[in-house]
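# Take this sequence and fold it.
(chains A and B)
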Amino acid sequence: MKVGVDVGGTFTDFLVADDAGEIQVGKVLSTPEDPSIGLLHGLEELARERGQSLRDFASGVSTIVHGTTVTTNVVLTGAGAKTGLLTTEGVRDALEMRRGIREQQYNNRYTNVPPLVARYLRRPVRGRLDYAGREIEPLAVEDVAEAIELLANEKAEAIAICFMNSFANAEHEQRAAEMVRDRLPDTYVSVSTEVLPSIRFYPRVSTTVLNAYVGPVLSRYLDSLTTRLSEIGFCGVLLIMQSNGGVVAPQVARDHAAVTLLSGPAAGPSAGLAFAEQHQIRDCLTVDMGGTSFDAALIRDGQALTITEGQVNRYSLALPMLDIVTIGAGGGSIGWLDEGGLLRVGPRSAGADPGPACYGKGGSEPTVTDADLALRRLDPAFFAGGRMPLDERAAARAIGSKIAEPLGLSVAEAAAGLARVVDANMAAGVREVTIRRGYDPREFPMVVAGGAGPNHACAIATELELPLFIVPRDSSIFCAAGMLMTDLKHDVVKSRIARLGELTREELLAEAEALARRGRATLLEQNIPEERIRIDIEAELRYVRQYHEVALPLLPLDDLEDRFHDEHLRVYGYALAEEKTPLELINLRARAIGVTEKPKLRAESYDGADPSGAAKGERSVWVPEDADFRPLPVFDGHRLRHGHHFRGPAVVEQLNTTLFVSASFDLIVDPLGSFFVYRRGREDSLPESLRRRLP
Amino acid sequence: MIDPILASVFARAFKSITDEMSISLQRTTRSPILCEAKDFVTGLYDADGRMLEQTENLPILSFSLAPVCKHIREYFGDDIHDGDVVFHNDVFSLGNQLNDVAVYKPIFHDGVLVGWSAAKGHQADIGGAVQGGYNPEATEVWQEGLRIPPVKVVERGKLRRDVWDLIFANIRLDIVREDMKAEMGACVVGARRLVALIDKYGRETFEQVKQHLFDSTKQLMEAEIRTIPAGTYRGQATVYFDGKNTGSTYQIRVEITVEDGRIKFDYSATDPQTPGFVNGTYTSSASATILTFLQMVNPDIPHNEGMVEPIEIVIPEGTILNAAYPAATTFGNHLCPPNADAIIRALAPVIPERVTAGWNQLLCALTTGIDPRKGDKFVDIGFMGLKGGSGAMRGTDGYDHIGMIDASGGVLDQDYEMFEQQTPHRLVKHEYLVDSAGPGQWRGGLGVETRFLIGSDETTVVTFGDGDVEPAFGLAGGGTGSLNKIELVLPDGRRRKLTSKDLVRGVPKQTLYVQHAGGGGGYGDPRRRPLAKIREEVQNGIISRGSAIKHYGRSEDDLAGETEQS
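Numbers count the residues shown, from 1 in each chain, chains lettered A, B, ... in the order given. Below is the predicted model of the structure:
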């Protein structure tokens, strides 16, 4: 039995999958001060539902995969460790300067983010390597010793070490790290050549410092969690979700804490893929619309795209992470008029408290959820399965006073407008992960998740002209499900700067092999058997004098150059093959993957096309194609079965989410109970297995 | 009646189109000036050249795109076809600087001209007497580089090889060719997206919504202007040294009239043009005026034609801000800082809560030569060295190491390790400059000190800028920031202080380059700055004990227990 646990800002979601493919779902409130409390509480609930004691339940669990926003929150709230930095004399302010950017150019009240290490704790050390890693000046051990004493007196809990050009030669950093570890064995040490040995000083020092800043906090949390879990009799494997979409054992996560910094939405793509792959769909979009944010990702050939230039709270984070675009659009996003009278939505959110006006908890600003309610896409009596009645009048009041009246619209028109603006924002988010990378979104089915996602999916699909989207039955706990679909992943990188023609085949392969060995060793430490290890190696190449690289699989070496020209042409619209411009290698990257055992999803047998057994009644709902209300059939999603089919417009209600099927779309249920919603006339976009079930 | 919702959808779409163009340009260019420092802009215009949206890493470039678009439209008249691509850089037809080469692509929908996409970037070379473009010895435009009035390099989809070869036969560096291809690529991206948008909603809707966006933005701007008390206000600032006559000064004088939702900037009383290259073009100067004013209004105003409509700018030809043909003008973009000072001084008494104290003025150096490691030519603009502090304002300290007001933090430092890969130089120091910030209840932004060892013999060092005579001014009792300085320490130990417009050839390897970019001006009485902040800044070594005592009126007792960390 495996358990996926996704600790979010508001809710902690659970998915239990037993060996027979039976699924159990749970949702409890999160406990941000110590998330392991909420986690334990959720396990208790799950055990109770199964009629088991907590101990019996826990001892039967073989694996817990855990996604956590602990480190993200530490950065956002400035609650990390007191951190010191040893760095090359002359460049200690790079961390704070952030290359001199002010993100809001016209806003003179916009201030810099406070540095994660105060200036007096950023200690300069003499010793210098040149651009190729050759020593110009030896490391001044007396400077290192002096800095260590100062940081010890200051009671620094973590020390980061990052020297100029260390990507090409780690010796000075290693020597300094040894001195720190000898003198301060209990201090968390983060060394740039261990965290991110690649060229570019600012992203490297920033990432190394982020790692130090969150390391002690994550270590404490993991200690507390593993203790609690062993107290209740859990003796299986605990795995932690990383930003790269893979998982990692706690002991590795402790040393590389920064790999968890953007892990919150990172399980989404794996989950989406699992539901799509049932139909041999290997390319898809995944979107997740929760309370405050909307995450979109693109999967190509069964892999989510990965980037290495990210940010957390305006600090550069250059570790591989899934290319997930997050925008401030969710159920709680607030609609407002700017001074020119244009309607905007978000990024401000009403959050869980006071929440949308319709929650009746004192919120007076109109949110997306209020608009959905005013459009009757939500049933006020059946929100959260009826546990939380919504106040329709409060929603209408908020929309009326803040939007409808100033614009001279009816409340319904204003609500429809609010929905349309947020839909356009989300569509823009999807464009960013597709068009920006040179892909046409219309070629991809979209897997939709999150409490608010299914309600808006038709509108996003309309805006982007997508023919098909898929709503998994348990879409509201999507990430928890995704965690059970992930493998162990460990990324290692090495900068190797050389013109491609100047390196021999043997040199290149030897470098790659050395990297592969490092990745493999990390997996072996986590008890992954050799036969479950796979190593992928990529080369980051560019035309000579370009500054940005294109990543390609290193092998086969023979056509590496041709593959580079092709990829450059595809992404940027031109190649310089004819000009014979030389290629330059910048980095080699290895990804070591430890393949895990995935739970099986259980298929239902075909139940005919007639959905009437799931019919729940009728209610009047706003239909965008009519720009008016119309009485629509309402279905109970939990009773829809494999093969059931109906034409839109209609509404599908489930415990934690409502799916709105607009007038131009129809719906059919697949063997896993996922809803396939397609544009009428685009039946060709359905997988063959469903197309033949169409009535 | 316009659907206000559709208007929001279009506004968002225009923004994402210009952003995508910008990403494409940044990721494919080769000159570090473009891909590392982001010294380029992209924009989308309607058929008549009116701005729909633009990206503004360097606003001084952005606000010239629409005027030039209108000029190109007139220049070619009916002779504009689907598949054309036009180059332009000419300073006497509304360009910024010869190195700022723009690409314009007309966008057609069903055979009808519906708009233009444009990109403009600072190219690493444009011919002329000095590699890299800055030539303080120039007195005429031809000594500065190649003039490109509107010219079609692609006609109806076919590259005009003869025109292409003519242009690049006059430019030193090969990478310029590829970087111009990248600008063209960005325009293709923009054109595709606009056509897709119009395909979806129809041309008529596009035209109506566009007009609605212009109108609503104009109203927004007029409302902002109405919050400034009506009246006429005057300000002035000094430009030091024209590159020819030591000790020379010129006055920029602006008269600002606010009335009925409109604002007029009149520079008629400004001094005549200089004999050298310290001269503005109309476009650079007007862009400078707009971007300075935009910092005094709501930063959320959408950027389209409606935003600039209520702003009127009068700059007579023959003045230092609008030099007459055939003057040298390469320095023109860099008259933005003193122009901004004049505007701030004029409006500070009227809207004291919305202006900053003086910003550090630009002083920059460009190094060129042959990298001995590979024998390649290199051109480096010292972005990291030029970025001083911004002025403080009531309630907010200045921004540290932000750089000239014409970019306001939109252009970036070179990454240190990439700098050592791409130039033969070795970085010795790039850190905040102690005591550079103008003291105040809110202090100015900190400047920086940059030191590097020059790594090639026969290196040429060109400086351009100001701020080495008069520091950034304080407001409401705040003090001035520190001065700019560039100095070379030759291998034999001799020091050579450079002027603000200098050209030094034959600088030997192992020369130490030393630059101070000064801090911004402070706002309010420094004695009212909270002690806790001063103690923290003393501890962090960005204010010295001496300064805390002298400028902030603190005693040794106040500072007891703080060790100054150098």
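# use CA for all of it now, contacts and neighbours both
Will do.
# Tell me the spacing between the residue lying farthest from the centre of chain A and residue A:176.
Centroid-distance maximum for chain A: residue A:142 at 43.4 Å, with C-alpha atoms, centre = their mean. Remark: distance between residue A:142 and residue A:176 (C-alpha to C-alpha, to the nearest Å) = 10 Å.
# go on, residue A:420?
Where residue A:176 is concerned, residue A:420 sits at a distance of 56 Å (C-alpha to C-alpha).
# do residue A:242 as well
Distance from residue A:242 to residue A:176, by C-alpha to C-alpha: 28 Å.
# Of these two, which one has the most company?
Legend: neighbour count by other C-alpha atoms under 10 Å in any protein chain shown for residue A:242 and residue A:176, higher for residue A:242 (31 against 23).
# residues touching the residue nearest to residue B:280 when sequence neighbours are not counted, list them.
Excluding its sequence neighbours, the residue lying closest to residue B:280 (C-alpha to C-alpha, 6 or more residues apart in numbering or on different chains) is residue B:332, at 3.7 Å. Neighbouring residues of residue B:332 by C-alpha atoms under 8 Å, 6 or more residues apart in numbering or on different chains: B:96-97, B:277-281, B:284-285, B:321.
# tell me the SS of residue A:562?
Secondary structure, DSSP: H, G, I helix; E, B strand; the rest coil: residue A:562 is helix.
# er, residue A:428 I mean
Residue A:428 carries the three-state label helix when classified by three-state DSSP.
# How many residues are close by it?
Residue A:428, neighbours per other C-alpha under 10 Å, totals 22.
# And for residue B:60?
28.
# Phi and psi next, for it.
phi -60, psi -20 (degrees, to the nearest 10).
# Output stretch B:274-288 as CSV - backbone C-alpha positions only.
Backbone C-alpha positions of stretch B:274-288 (Å, rounded to 0.1, in the frame of the first residue of the first chain) are rendered in CSV as follows:
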residue,chain,number,x,y,z
THR,B,274,27.4,71.5,-28.9
PRO,B,275,30.2,71.2,-31.4
GLY,B,276,30.9,67.5,-30.5
PHE,B,277,28.8,64.4,-30.0
VAL,B,278,27.0,65.5,-26.8
ASN,B,279,23.8,66.2,-28.6
GLY,B,280,20.3,64.7,-28.4
THR,B,281,17.9,63.7,-31.2
TYR,B,282,14.3,64.8,-30.8
THR,B,283,13.3,61.1,-30.2
SER,B,284,15.9,60.4,-27.5
SER,B,285,15.0,63.6,-25.7
ALA,B,286,11.3,63.1,-25.9
SER,B,287,11.6,59.5,-24.8
ALA,B,288,13.6,60.8,-21.8
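# From residue B:543, how far out is residue B:523?
16 Å.
# neighbour count winner among those two?
A count of neighbours by other C-alpha under 10 Å puts residue B:523 above the other of residue B:523 and residue B:543, at 32 against 22.
# Looking at the more buried one now. What's its pLDDT?
Per-residue pLDDT puts residue B:523 at 98.
# Look at the residue in the stretch 351-500 of chain A that chain B sits nearest to and give its secondary structure.
Proximity to chain B, evaluated over the stretch 351-500 of chain A using C-alpha to the nearest C-alpha, is greatest for residue A:417 at 5.6 Å. The three-state assignment at residue A:417 reads helix, by three-state DSSP.
# Burial check on it, number of neighbours?
The tally of other residues near residue A:417 (other C-alpha under 10 Å) stands at 25.
# repeat for residue A:509
Residue A:509: 15 surrounding residues under other C-alpha under 10 Å.
# any idea how far it lies from residue B:359?
For residue A:509 relative to residue B:359 (C-alpha to C-alpha), the value is 53 Å.
# Over to residue B:112?
Separation of residue B:112 from residue B:359 (C-alpha to C-alpha) stands at 46 Å.
# Then residue B:40?
22 Å.
# Same question for residue B:400.
11 Å.
# And those two? Which one has more around it.
The neighbour count for residue B:400 versus residue B:359, taken as other C-alpha under 10 Å, is higher for residue B:359 (37 against 29).
# Can you tell me the SS state at that one?
Applying three-state DSSP: residue B:359 is coil.
# my guess is it meets residue B:470, correct?
No - in this structure, residue B:359 is not within contact of residue B:470 by C-alpha atoms under 8 Å, at 11.5 Å.
# and the closest residue to chain B within the stretch 201-350 of chain A, what is it in contact with?
Relative to chain B, the nearest point of the stretch 201-350 of chain A is residue A:340 (4.9 Å; C-alpha to the nearest C-alpha). Taking C-alpha under 8 Å, 6+ apart, we find residue A:340 in contact with B:216-217, B:219-220.
# mind pulling up the phi and psi values for it?
Torsion angles, degrees, to the nearest 10, at residue A:340: phi -90, psi 0.
# No further queries at this time; thank you.
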